[in-house]
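S.K.: heads up, no residue letters with this:
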């Protein structure tokens, strides 16, 4: 189940960018996600833990970039063992095909999110 959540380092970077959505998990420490038994943690939840950082799931992070920053992503296969990612600004339809030739979907997905974080951090 933990593979559904962003790694700690990416969760911290999202927090620094203003991500403050209710989540099903959080990081009390760097090494493991704690899951809130089906109840959101955060401003809209009923749990009041000392949170190190919320632990959003991957889709939640990408939805946040879409909703807050108008950036829509895509991760697609190039060949049977190669993946790429792209994203676009949903208002001006400028497509960015930035990286390709990742060995796994997960590598491409993480690289895409890292690039979105980098763009918003500027």
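M.R.: Good, I have the coordinates. These numbers were taken from a predicted model, which means no experiment stands behind them. Residues are numbered from 1 along each chain as shown.

S.K.: okay, CA-based contacts and neighbour counts for the rest of this
M.R.: Noted.

S.K.: what separation do you get for residue 91 and residue 75?
M.R.: Look at residue 91 and residue 75: by C-alpha to C-alpha, to the nearest Å, they are 20 Å apart.

S.K.: er, residue 63 I mean
M.R.: The gap separating residue 63 from residue 75 is 14 Å, by C-alpha to C-alpha.

S.K.: one more: residue 112?
M.R.: Residue 112 is 8 Å from residue 75, by C-alpha to C-alpha.

S.K.: which of those two has more residues huddled nearby?
M.R.: A count of neighbours by other C-alpha atoms under 10 Å puts residue 112 above the other of residue 112 and residue 75, at 22 against 18.

S.K.: can you confirm that one is in a strand?
M.R.: No: counting by DSSP: H, G, I helix; E, B strand; the rest coil, residue 112 is not found in a strand; it is helix.

S.K.: quick one: the helices in the protein?
M.R.: 8-16, 58-69, 105-121 (DSSP state H).

S.K.: check what pLDDT the most centrally placed residue in the chain gets.
M.R.: Centroid check for the chain by C-alpha atoms, centre = their mean gives residue 61 as the closest residue, at 3.4 Å. Looking at residue 61, its pLDDT stands at 97.

S.K.: what of residue 27?
M.R.: On pLDDT, residue 27 comes in at 84.

S.K.: bridged to it, which residues?
M.R.: Taking DSSP bridges, one finds residue 33, residue 53 as the beta-bridge partners of residue 27.

S.K.: so it sits against residue 15, correct?
M.R.: No: counting by C-alpha atoms under 8 Å, residue 27 stays clear of residue 15, with 11.9 Å between them.

S.K.: more crowded one of the two?
M.R.: Neighbour tally, residue 27 and residue 15, criterion other C-alpha under 10 Å: the higher count belongs to residue 27, 21 against 14.

S.K.: so residue 91 touches residue 70, yeah?
M.R.: Yes: in this structure, residue 91 is within contact of residue 70 by C-alpha under 8 Å, at 6.9 Å.
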